[in-house]
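Novice: Could you look at this predicted model? Sequence included:
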Amino acid sequence: MRIFTASWFFPPATSAEGLVTYKLLKHSAYTYDVCCSRSKLWGYAKESDLKAENIHVYPVDTDQINVWVKACIRLFRKLDRTCHYDCVMTRSMPPESILVGLAVKKIRPGIRWIASMADPVFRNPYELEAYIYEDVLLKKMHVNQFFIRHPKAIRNLPVFLPANKYKLLRNLYKLEQAALRHADLLVLPSEKQKDYLMEMKQNRRYKNKCQVVPHSFDSSLYPKRKERSKERVCITYVGYLDRKRMPTEFLQALAHLKKIHPSAAKKLLVQFVGNIDSAVKDAANAFFLDDIVKIQEPVSYLESLKWMKQADYLLHIDAWFSFLKEGSIFCASKLIDYLGSQNQVLALTDQSSEAARIVTESGGVLLERGNVLQISETLKELVDDGSAANQSMAEEAAKNKRLLKYSSAQTARYFDRLLKERLKG
Amino acid sequence: MKTMDKWLTITVAAYNAQKYLYRCLRSIAGCGAYLDKIEVLVVNDGSTDGTGEIAQQFAKAYPRSFFVITKKNGGHGSAINKGIQKAHGRYFLVLDADDWLDSEALVELVKTIGCMEDTLPDLISCHYSRVDLETGASTPVRQEQVAFRKIYPFAELPVSGVYFALASICYRTSLLQSMQLVIQEHTYYADVEYMLLPMPYVETVYFLDLYLYKYFVGNTEQSIYLPTMVRRYAHHNRVMHRVIDILAADTANLSGRKKAYVWQILEKLLYTHYAISLVYDENHARGAVRAKKFDAYLKHTSFALYERMEKTVPFLRIYRKYDFSVSRVQKAYGYRVYLKCLDFCKTMYVKICGIYGWWIKGENKEAGKHV
């Protein structure tokens, strides 16, 4: 089977969406032609040399999404004459990828379309937060619930929203509906996200098209672990931190630990590696943690795996949205990379989130959001008696079958089977 | 000390700042090779705690950059005065001991100054962040509507988008020294004088897109804490008098954008000044007396500003009408109606939103809890 893939993000660029796609395709038995962008506007501006025999990459030199969409369609027309694709695959970021799927369907009506919906298009919590929940009145109206119960209310949005905001949300709504209607297979990374998509009444009829393909880790990409320092316990966060995803409680807990048990705090080293908002540094300074907290520059994906492997513990932080009952519906692909490093994960997340489920399942530790004392106690335990830091337990967990289901080989096998079953004929 | 080749002088005003000073000085020391181009004057303003020792530690560790000036307590203004007197750097920046600088931004600022060989603008302005003591949350405060890395003549400045706060300004040192700026000593809020009094002499401004200064807020001992402001009304009053005498008096020689900028800031400061006495002061009678006295002074000194304040401060017109008599103001029909309308609107807004929210929330109570 030969599959045309439209993915704005793809290695060598370091971006979660591109890396998730790469790991999945690399271990698949099929051949992929990937049309991506070489934009440096998004992502970490760091590159990793990741290639695979079954993936042919066609980068487009542009920062503009509409230019990339047109280039994708042109490339499909050109390659399809010789390759005759069986499928087209689009990724969820940016949502305009859906336009490629729609155009390809128009060019070749019989072709099958796999649409990844890893990030919600309409009702994306980030969009809702930015466009609706910043508005005091709309916030009080529980707009998210409103959309779920009265899906047609999107038509009434102009009543509540300024024209530009309305236009943007309306476009996202249309894109999502188009993908749901015309795609043959909708791929989501977790049951939680599937449920979130199906919450809207008019989406439920597409339930059978939805399939969960979890994010995965590729154990062949991790380097060997060097000897760790025994003087300090190293907790590492790798990735992106912004004002929606802040380690405030974690830093407050560190400050509390430093105040109550300064000797234990001295034995801790917390590293934030990646695209870290300056607010994190400010908060660390505000709590006088500059001797414990270090902030490192962004690194490439392969470098980031090195940092993960070398840490004693890995810190996961979920973005938190006040209007979602789980706090967050997302399942960060980084969390799965963490699992692949075979180190124990500390997760600052809501108890009912997807991350909480995965971390609990893999023998990690949940840090209760908002409970500074609990986090502080856990950190002390890590330093003192290691009861929460049982490395052999983590090693066991890595071998555990439940963890293996996140390996990219396994995930790709499942994905291939899915394509074969769902897209035949 | 050979400091003539310094590009920036940072005056750290430190009074009993043992708890914060290390963080403050470390943020400066963190700028690596560029530290040689910085002169740090730690003015120990008669501290009785370990402030002096911490400052000395840094002076010992970085003898070419950190210098300690020990003096009798004279307040924030006196520390700035001392700094201006002793500064050798091309530019002058004031840093409070409980605040700190972003080391990377500081390096960028110093590099930029180093590149300005021929034309030195009178003022360099950066953004800053307010960092909350309790939550550690930082709020960026940006200079809006300006182009960065461009020398603006003051006359072309888009004054409505800029605000030169203590945390966002570096003056050219020679400008401060030649105008012989002296700030009131033993006076809180004297930083207002530092922010405004040099303005008539500032001809060119240069903006940098950097978050340099980290302004620590939320401390109840801080002078901007409201109850503290009421307690220190006399200090605020002194500062307002001096600033108005020099910049806004009918005799003051300011015009064009400079006047527009200074008056715009004065309006905000006067709003706060009236609010301290008429709103925040729980002793209403005392507040009214204070406000009346100040109002008479303003009318006498700058009639134009006096008239303008009536538009800026909504409650001032009513107070003026009833000659600052609290009982008459409270009885006044207009004031009562104004308050009632305000109250009614607030209640209705909350009720409408609440009812609407409850209706939408419907059966999904669980989700509602989180909203």
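Specialist: On my side now, so go ahead.
Novice: contacts, neighbours, all on C-alpha from now
Specialist: OK.
Novice: what's near enough to touch the residue lying closest to A:Asn54 once chain neighbours are set aside?
Specialist: Leaving aside its sequence neighbours, A:Asn54 sits nearest to A:Thr31 (CA to CA, 6 or more residues apart in numbering or on different chains; 4.8 Å). Applying CA atoms under 8 Å, 6 or more residues apart in numbering or on different chains, we find A:Thr31 in contact with A:Met1, A:Arg2, A:Ile3, A:Asn54, A:Ile55.
Novice: Get me the contact residues on the stretch 251-400 of chain A for chain B.
Specialist: A:252, A:279, A:282-288, A:322-325 (CA under 8 Å from any CA of the partner chain).
Novice: For those residues, pick the one with the most neighbours.
Specialist: A:Ala286 (30 neighbours; other CA atoms under 10 Å in any protein chain shown).
Novice: Let me see the contact set for that residue.
Specialist: Counting by CA under 8 Å, 6+ apart, A:Ala286 has contacts B:Val131, B:Asp132, B:Leu133, B:Gly136, B:Phe216.
Novice: Dump these into a markdown table; add distance to A:Asp218, pLDDT and secondary structure as well.
Specialist: Below are the contacts of A:Ala286 laid out as a markdown table (distance: CA to CA, whole Å; pLDDT from 0 to 100; DSSP: H, G, I helix; E, B strand; the rest coil):
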| residue | distance to A:Asp218 | pLDDT | secondary structure |
| --- | --- | --- | --- |
| B:Val131 | 40 | 92 | strand |
| B:Asp132 | 41 | 90 | strand |
| B:Leu133 | 42 | 85 | coil |
| B:Gly136 | 37 | 88 | coil |
| B:Phe216 | 44 | 89 | strand |
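Novice: Tell me where the stretch 51-200 of chain A has helices.
Specialist: In the stretch 51-200 of chain A, the helices defined using DSSP state H, counting those that start in this stretch lie at A:65-83, A:97-107, A:125-131, A:136-140, A:143-149, A:157-160, A:163-182, A:191-198.
Novice: what about B:Lys311, neighbour count?
Specialist: B:Lys311: 11 neighbours (other CA under 10 Å).
Novice: what's the pLDDT at it?
Specialist: As predicted, B:Lys311 sits at a pLDDT of 84.
Novice: mind checking how far it is from chain A?
Specialist: 28 Å (CA to the nearest CA, to the nearest Å).
Novice: did I read that right, that residue in a helix?
Specialist: Yes - assigned with DSSP: H, G, I helix; E, B strand; the rest coil, B:Lys311 falls within a helix.
Novice: Not counting residues beside it along the chain, what's closest to it?
Specialist: B:Arg317 (8.0 Å).
Novice: In three-state terms, label the one you found for me.
Specialist: helix.
Novice: From B:His236, how far out is it?
Specialist: In this view, B:Arg317 and B:His236 are 22 Å apart by CA to CA, to the nearest Å.
Novice: and those two? which has more neighbours close in?
Specialist: For B:Arg317 and B:His236, the more surrounded residue by other CA under 10 Å is B:His236, and the numbers stand at 22 against 16.
Novice: now the helix or strand containing that one: how far from the chain's centre is it?
Specialist: Using DSSP states H and E, B:His236 falls within helix B:233-243. Relative to the chain's own centre, helix B:233-243 is displaced by 14 Å; criterion: CA atoms, centre = their mean, to the nearest Å.
Novice: Residues contacting the helix or strand just after that helix, please?
Specialist: Once helix B:233-243 ends, the next helix or strand along the chain (criterion: DSSP H and E) is helix B:256-275. Residues from elsewhere that reach helix B:256-275 (CA under 8 Å, 6+ apart): B:154-157, B:159-160, B:163, B:196, B:199-200, B:236-237, B:240, B:247-248, B:291, B:305, B:309, B:312-313.
Novice: which intervals of the stretch 251-371 of chain B have sub-threshold pLDDT?
Specialist: Residue ranges of the stretch 251-371 of chain B with pLDDT under 70: B:251-252, B:332-336, B:339, B:346-347, B:349-371.
Novice: Sort out which residues of the helix or strand hosting B:Arg23 are buried, please.
Specialist: In this structure, B:Arg23 sits in helix B:18-29 according to DSSP H and E. Residues of helix B:18-29 classed as buried: B:Gln18, B:Tyr20, B:Leu21, B:Tyr22, B:Arg23, B:Cys24, B:Leu25, B:Ser27, B:Ile28, B:Ala29 (neighbour count, 16 or more other CA atoms under 10 Å in any protein chain shown).
Novice: Check stretch A:216-235 too.
Specialist: Within stretch A:216-235, the residues that qualify as buried are A:Ser216, A:Phe217, A:Asp218, A:Ser219, A:Tyr222, A:Pro223, A:Arg232, A:Val233, A:Cys234, A:Ile235, counting by 16+ other CA under 10 Å.
Novice: Please apply the same query to stretch B:99-111.
Specialist: B:Asp99, B:Trp100, B:Leu101, B:Asp102, B:Ser103, B:Glu104, B:Ala105, B:Leu106, B:Val107, B:Glu108, B:Leu109, B:Val110.
Novice: quick one, what contacts the closest residue to chain A within the stretch 51-200 of chain B?
Specialist: Taking CA to the nearest CA as the measure, the stretch 51-200 of chain B has B:Gly136 as its residue closest to chain A, at 4.2 Å. Neighbouring residues of B:Gly136 by CA under 8 Å, 6+ apart: A:Thr248, A:Asp282, A:Ala283, A:Ala284, A:Ala286, A:Phe287.
Novice: now, which of the residues you listed sits nearest chain B?
Specialist: A:Ala283 (4.2 Å).
Novice: Verify the stated contact: the closest one with B:Ser138.
Specialist: Yes - between A:Ala283 and B:Ser138 there is a contact at 7.1 Å, judged by CA atoms under 8 Å.
Novice: shared neighbours of the two, which are they?
Specialist: B:Val131.
Novice: any idea how far A:Phe4 is from A:Glu53?
Specialist: From A:Phe4 to A:Glu53 the distance is 15 Å (CA to CA).
Novice: Alongside chain A, which residues does the stretch 1-150 of chain B contribute?
Specialist: So the stretch 1-150 of chain B meets chain A at B:Arg23, B:Val131, B:Asp132, B:Leu133, B:Thr135, B:Gly136, B:Ala137, B:Ser138 (CA under 8 Å from any CA).
Novice: Could you pick out which of the buried residues of stretch A:216-235 are located in helices?
Specialist: Members of the buried residues of stretch A:216-235 lying in helices (criterion: DSSP state H): none.
Novice: A:Tyr32 belongs to a strand, doesn't it?
Specialist: Yes - A:Tyr32 sits within a strand when classified using three-state DSSP.
Novice: give the contact list for B:Pro200.
Specialist: B:Leu254, B:Lys258.
Novice: Which secondary structure state does it sit in?
Specialist: Taking three-state DSSP, the label given to B:Pro200 is helix.
Novice: quick one, strands of chain A?
Specialist: Applying DSSP state E to chain A gives strands spanning A:2-6, A:31-37, A:55-60, A:87-90, A:112-116, A:185-188, A:210-212, A:233-241, A:268-276, A:293-296, A:313-317, A:344-349, A:365-368.
Novice: And for chain B?
Specialist: In chain B, the segments counted as strands under DSSP E are B:8-14, B:38-45, B:66-71, B:91-96, B:100-101, B:123-132, B:138-141, B:151-153, B:169-172, B:204-217.
Novice: Let me see the residues that make contact with the shortest one.
Specialist: I take that to be strand B:100-101. B:Arg23, B:Cys24, B:Leu25, B:Ser27, B:Ile28, B:Leu212, B:Tyr213, B:Lys214, B:Tyr215.
Novice: List the buried residues in stretch B:117-125.
Specialist: Those would be B:Leu120, B:Pro121, B:Asp122, B:Leu123, B:Ile124, B:Ser125, for stretch B:117-125 by 16+ other CA under 10 Å.
Novice: counting contacts, what elements does the helix holding B:Arg23 pack onto?
Specialist: helix B:51-61, strand B:100-101, helix B:103-115 (3 or more CA pairs under 8 Å, 6 or more residues apart in numbering or on different chains; DSSP states H and E).
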